[in-house]
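Undergrad: predicted coordinates and the sequence they were generated for:
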Amino acid sequence: MKQLIIAVLFIAVATTYGCKKSKDDPAPNPNIIYESVNETLKTYTPKPAPTDRFEYIGSISASVPKLAIGILMSWETSPNGIYLHPNNSAGAILTNTHGLIKGMPAGVVINSASISWNTSSPAISYDYVTNSTSSKGDFAGKGNLYIGFYTIDSDKKYYGWAQLNVSADGRTVKLIDYAVQKVPDTGIKTGEK
């Protein structure tokens, strides 16, 4: 009898643990292209040569034609800062009320109903060492946060997110990961894989 009780308890614990794990780690969505990067992009201080102003993140063109993501690091504007644009500006990025890139937690839906799309190249952060009065935005020194964007191919929008971490001085960006919805004109949640 004692062995039967132990066996039942073991099965109950294993079943409970197995169910909990599957809820915490859902299967990847086959319609989402996900890329783990974990790379600190080069800083723009001291100023690099003009040919180094583009920092390329990656391309997912094998799965979705002509789709790429890039970070433009500019010291030629005032104030100096780090600016982002997707697919050579053929797309848009979500911005906050100050016109800087909006930082979001996980689970925020990015789709056609999202507001404050910016089709230019908004700033992630500024150089707060030399421009201490510039708006601090949503990222500098605030840990890992998500941005929302879309890129355009053949008049179709592909929504995506990127997870970033920006240093408190605004000079350095770490790209954690990013994902793009493969199905055109279909939303994605920040952090969804």
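TA: Sure, I can see it. Quick caveat, the model's predicted, so the values are computed rather than measured.
Undergrad: contacts and neighbour counts: CA atoms only from here.
TA: Noted.
Undergrad: my read: residue 149 touches residue 90, true?
TA: No - counting by Cα atoms under 8 Å, residue 149 sits too far from residue 90 to count as a contact (10.7 Å).
Undergrad: neighbour count: these two, which is higher?
TA: residue 149 (28 against 17; other Cα atoms under 10 Å).
Undergrad: name the element the more buried one belongs to?
TA: Residue 149 belongs to strand 144-153 when assigned by DSSP states H and E.
Undergrad: what does residue 157 give?
TA: Short version, using DSSP H and E: residue 157 is in strand 156-166.
Undergrad: send the alpha carbons of that strand over as CSV?
TA: Output in CSV follows, covering the C-alpha atoms of strand 156-166 (Å, rounded to 0.1, in the frame of the first residue of the first chain):
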residue,chain,number,x,y,z
LYS,A,156,2.4,44.3,-47.5
LYS,A,157,3.4,45.0,-43.9
TYR,A,158,5.4,42.6,-41.8
TYR,A,159,5.2,43.4,-38.1
GLY,A,160,8.1,42.7,-35.7
TRP,A,161,9.8,43.5,-32.5
ALA,A,162,13.4,43.9,-31.2
GLN,A,163,14.5,43.7,-27.6
LEU,A,164,17.2,46.2,-26.7
ASN,A,165,19.2,47.4,-23.7
VAL,A,166,20.6,50.9,-23.8
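Undergrad: what does that strand contact?
TA: 91, 110-111, 125, 139-152, 172-191 (Cα atoms under 8 Å, 6 or more residues apart in numbering).
Undergrad: now with 6 Å, please.
TA: The contact list for strand 156-166 (Cα atoms under 6 Å, 6 or more residues apart in numbering) reads 139-141, 143-151, 172-181, 184-185, 187, 190.
Undergrad: now the buried members of these.
TA: Taking 16 or more other Cα atoms under 10 Å as the criterion, what is buried in the contacts of strand 156-166 is 139-140, 144-151, 172-181, 184-185, 187, 190.
Undergrad: at which residues are the helices of this structure located?
TA: 2-24 (DSSP state H).
Undergrad: for the chain, give me the ranges with low pLDDT.
TA: 1-26, 42-78, 85-89 (pLDDT under 70).
Undergrad: swap in 80 and give it another go.
TA: Within the chain, the stretches falling below the threshold (pLDDT under 80) are 1-26, 41-90, 121, 153.
Undergrad: all the strands of it, in order from the start?
TA: Along the chain, the segments classed as strands by DSSP state E run 32-40, 54-59, 68-74, 81-86, 91-94, 109-110, 117-118, 123-126, 144-153, 156-166, 173-181, 188-189.
Undergrad: mind putting those strands in JSON lines, distance to residue 101 included?
TA: Formatted as JSON lines, the strands of the chain follow (distance: least, Cα to Cα, whole Å):
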{"stretch": "strand 32-40", "distance to residue 101": "18"}
{"stretch": "strand 54-59", "distance to residue 101": "17"}
{"stretch": "strand 68-74", "distance to residue 101": "12"}
{"stretch": "strand 81-86", "distance to residue 101": "8"}
{"stretch": "strand 91-94", "distance to residue 101": "6"}
{"stretch": "strand 109-110", "distance to residue 101": "14"}
{"stretch": "strand 117-118", "distance to residue 101": "9"}
{"stretch": "strand 123-126", "distance to residue 101": "5"}
{"stretch": "strand 144-153", "distance to residue 101": "7"}
{"stretch": "strand 156-166", "distance to residue 101": "11"}
{"stretch": "strand 173-181", "distance to residue 101": "13"}
{"stretch": "strand 188-189", "distance to residue 101": "17"}
